[in-house]
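[1] What follows is a protein structure lacking sequence information:
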């Protein structure tokens, strides 16, 4: 219980400064803050899960590979689904102006692709590369939807 309280206190202490840093990095680099945060925030927040999964994968046993895969899949589904839910709830309850159609569609498309891959019985290095390519593909999808399709 103490660790949960400590973790909550750390999140409350550092989340706002991290958002400020990501916004400033976007402003200084001339890149939209969304794209900066889309790349940097997952590295910051999920680095420990990736490292733990990598450690399991290094054992190169079938059981350790399954654990690594399930850990990464669970984290991806949890993060995307939970964050999208929180995001939509904040917009709804705060009655904010909706300007996130492109981002929402990109998240839903990525989740649909991960679902299609996750339900396959066998995973190969090609499927791993396909899943890894979803990250830059979603950034590109947001760019295309905003720039060429005109979604806000």
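    Nice, I can see it. Model, not experiment: these values are computed from the prediction.
[2] For the helix ranked longest in the chain, which residues meet the burial criterion?
    Counting residues, the longest helix found in the chain (DSSP state H) is helix 62-93. Buried residues in helix 62-93, counted by 16 or more other Cβ atoms under 10 Å: 67, 68, 69, 71, 72, 73, 75, 76, 84. To be clear about C-beta, it is placed using only N, CA and C from the backbone, and glycine gets the same treatment.
[3] what ranges do the helices span in the chain?
    2-29, 33-58, 62-93, 101-118, 125-144.
[4] quick check, distance from the longest one to the centre of its chain.
    Right, helix 62-93. Once both centres are worked out by Cα atoms, centre = their mean, to the nearest Å, helix 62-93 turns out to sit 8 Å from its chain's centre.
[5] so how many other residues sit close to residue 138?
    20 (other Cβ atoms under 10 Å).
[6] I'd guessed it sits against residue 108; true?
    No. Checked against Cβ atoms under 8 Å, the pair residue 138 and residue 108 is beyond contact range at 10.0 Å.
[7] ok now do residue 53, which residues does it touch?
    Going by Cβ atoms under 8 Å, 6 or more residues apart in numbering, residue 53 touches 67, 68, 69, 71, 72.
[8] what about 6 Å?
    68, 71, 72 (Cβ atoms under 6 Å, 6 or more residues apart in numbering).
[9] any chance of these in a markdown table, with distance to residue 44 and pLDDT too?
    Below are those laid out as a markdown table (distance: Cβ to Cβ, whole Å; pLDDT from 0 to 100):
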| residue | distance to residue 44 | pLDDT |
| --- | --- | --- |
| 68 | 21 | 85 |
| 71 | 18 | 85 |
| 72 | 16 | 83 |
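[10] quick one, which of the helices of the chain is nearest to residue 150?
    Among the helices of the chain, the nearest to residue 150 by Cβ to Cβ is helix 101-118 (9.3 Å).
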